[in-house]
Structures are given as structure tokens and as C-alpha cells.
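[1] Sequence isn't available, so here's the structure alone:
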């Protein structure tokens, strides 16, 4: 790997020399390759993908910037985003990460709740981004139910049909999408900045024990989508949820709506990883339809 082109971008962005000593590959990502670029007294975190994936990194940088502007939790600082002939790249501050502990989970629950309390102007986002490697479409809507119907469930069902998942999945999905209002009886979410892909793999603690979040798929949406996602793959400890609830209690109906929100992610996994998620998606749809 010839790092010279990316190093030139780093030096131009930081206005300081960077003499590479070691490029250490990092594990953990399914979509991108990642490295720690090490100089004598400085390190950067670098993600790489194909040159045509530059917009994916630009959208991620936009999400990190929005999270940073909330001034509530630590996110990696953006150094530079761009492409060479061989790669699209995103260079970030390198943070030595540790597992979350009870203190950092409590802080993270409080910080996420405070972020969700900040009201935004509309549902959606100023640009499309990605969820995994699939496009996450983001129009700007005044009505949350229509947004979820069209930009989330409808989009994933269309992808599923294109991938050959027809029949029961589409029949159930169409029926569900046409009648979402009962899930929001007595509940009117406001647009909040959400991380969009908030599971345990996208949160950690820095060396001081403060929470760090990364790999966002941000947009303005119902805050419950973030909480639902935390419960889908492993979840956080009860300390996190208790801290969140103390700051910003969840409303009645969340236990049902979280299935609706997590259906989006299961459909996305179906479209990314295949048949193994089909039964789970159909089961979730059946459970939701039984509530109508």
C-alpha cells in the first residue's frame, strides 16, 4: 500500500508534516478497510474503500460534524476526506478505545437523551447517506409517518423486491405501510438528531472513560429509533437505559414502535446479507399487523 497520496492530503489539511512510521490494519469493519497510521508522536484513523464510494465517506463526515455540533458527547475529529486513484478515504482523529463501563454507559445515556431533546426543523436530512453499504434516502418531510413509510420501510421493501424477495414479505409490507397511524395514537414525535446506527459496536470509551460514538447514519427523526436500535443487536446495560429515562422518559407505545423501527434494520440486513434475515422480517411484520 502506497500511503503517500493520503499523507499529502493529511499534511495539507493539518498544515503540519506527517512522517509515517507504521500503518497498522484494524479489525472490526465489514464494509471498509481501516488502519491506524502512526508517526513518532501522532496517529490517525483511516478508512478506505473504492474511489466511487467517496460520497459514503462524505456523508459519514457530515454526520460526525452534526454530532460534534451538539457539544454533548465525544466523536472523532474529522481530519480530511477525499480520494486517490485507488481509494476513497476518510481520515479521523485516532482515539484509543476501551469497552464501555458503568460510568461511561450512564454518561452516554444522559448525553443521547440530551441530544434527543434538541428539536430540529424537519424529518429527514439534507443529503442521502448510507446504512451499512446500502443507500439511506433522506428527503425532508413535515410528517413523520409519511417519512417512515416512504423513506425507510418503503425504500427497503423496494430493494428487497429488486433482490428477489417477493411474495409474503411484499404483501405484508404493503399492508403494514398503508396503515401506520395506529402505532402513533396519542404520540407525536418531534424531529431530533439521531445517530441512526446506534448499537454497541458503534460506541466505546476513551482513555479517560468518557463515551465516544462513531460510524453514524444521522438524520432528523423520532428519538425512539435510536433507542430501538440499541436493543436490536446486544444492547447496552440497564445503566444506560435508566440514565436515558431519567433525563428524557420514553412514552407509552414504545415497546410496539421499537419493533416497527427495528424492522427497517432487519430489512436492511436482508438486503445486505441475504436469506438468513427473511424469517425474522416476516415474523416482525406479522407481530405488527396483529396490533392493528
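    That came through fine. These numbers come from a predicted model, not from an experiment.
[2] which residues does the residue positioned nearest the centre of the chain contact?
    The centre of the chain sits closest to residue 197, judged by Cα atoms, centre = their mean, with a distance of 2.5 Å. Counting by Cβ atoms under 8 Å, 6 or more residues apart in numbering, residue 197 makes contact with 131, 215-217, 229. All C-beta spots, glycine's among them, are computed from the backbone N, C-alpha and C.
[3] Any chance of those residues in JSON lines with pLDDT as columns?
    Shown next, in JSON lines, are the contacts of residue 197 (pLDDT from 0 to 100):
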{"residue": "131", "pLDDT": "96"}
{"residue": "215", "pLDDT": "96"}
{"residue": "216", "pLDDT": "97"}
{"residue": "217", "pLDDT": "98"}
{"residue": "229", "pLDDT": "97"}
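[4] Tell me which of these fall in strands.
    residue 131 (DSSP state E).
[5] just to revisit the earlier point, just say helix, strand or coil for the residue nearest to the centre of the chain.
    Following DSSP: H, G, I helix; E, B strand; the rest coil, residue 197 is assigned to coil.
[6] can you confirm residue 188 is in a helix?
    No. Counting by three-state DSSP, residue 188 is located in no helix; its state is coil.
[7] can you count the residues close to it?
    For residue 188, the count of nearby residues is 8 (other Cβ atoms under 10 Å).
[8] Could you report the pLDDT at it?
    We have a pLDDT of 96 for residue 188.
[9] For residue 39, see how far away residue 189 is.
    Distance, residue 189 to residue 39, by Cβ to Cβ, to the nearest Å: 46 Å.
[10] who does the helix or strand hosting residue 279 touch, helix- and strand-wise?
    Applying DSSP states H and E as the criterion places residue 279 in helix 278-291. Judged by 3 or more Cβ pairs under 8 Å, 6 or more residues apart in numbering; DSSP states H and E, helix 278-291 is in contact with helix 168-177, helix 254-273.
[11] hmm, try it at 10 Å
    Helices and strands touching helix 278-291, by 3 or more Cβ pairs under 10 Å, 6 or more residues apart in numbering; DSSP states H and E, are helix 154-162, helix 168-177, helix 254-273.
[12] Output those helices as JSON lines; include the columns mean pLDDT, distance to residue 104 and mean neighbour count.
    Listed next are the helices and strands packed on helix 278-291 as JSON lines, based on pLDDT from 0 to 100; distance: least, Cβ to Cβ, whole Å; neighbours: other Cβ atoms under 10 Å:
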{"stretch": "helix 154-162", "mean pLDDT": "98", "distance to residue 104": "32", "mean neighbour count": "18"}
{"stretch": "helix 168-177", "mean pLDDT": "97", "distance to residue 104": "37", "mean neighbour count": "16"}
{"stretch": "helix 254-273", "mean pLDDT": "97", "distance to residue 104": "23", "mean neighbour count": "20"}
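[13] Tell me which of those helices lies nearest to residue 67.
    Closest to residue 67 of these is helix 254-273 (Cβ to Cβ; 19.2 Å).
[14] hang on, the earlier thing: save the helices and strands packed on helix 278-291 as a markdown table, and put in distance to residue 140 too.
    Below are the helices and strands packed on helix 278-291 laid out as a markdown table (distance: least, Cβ to Cβ, whole Å):
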| stretch | distance to residue 140 |
| --- | --- |
| helix 154-162 | 15 |
| helix 168-177 | 20 |
| helix 254-273 | 18 |
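[15] so which of the ones you listed comes closest to residue 289?
    Of all the helices and strands packed on helix 278-291, helix 168-177 comes closest under Cβ to Cβ, at 6.0 Å.
[16] and the next helix or strand along the chain from the closest one, which residues are buried?
    Next helix or strand after helix 168-177 toward the C-terminus (DSSP H and E): strand 192-194. Across strand 192-194, burial judged by 16 or more other Cβ atoms under 10 Å covers 192-194.
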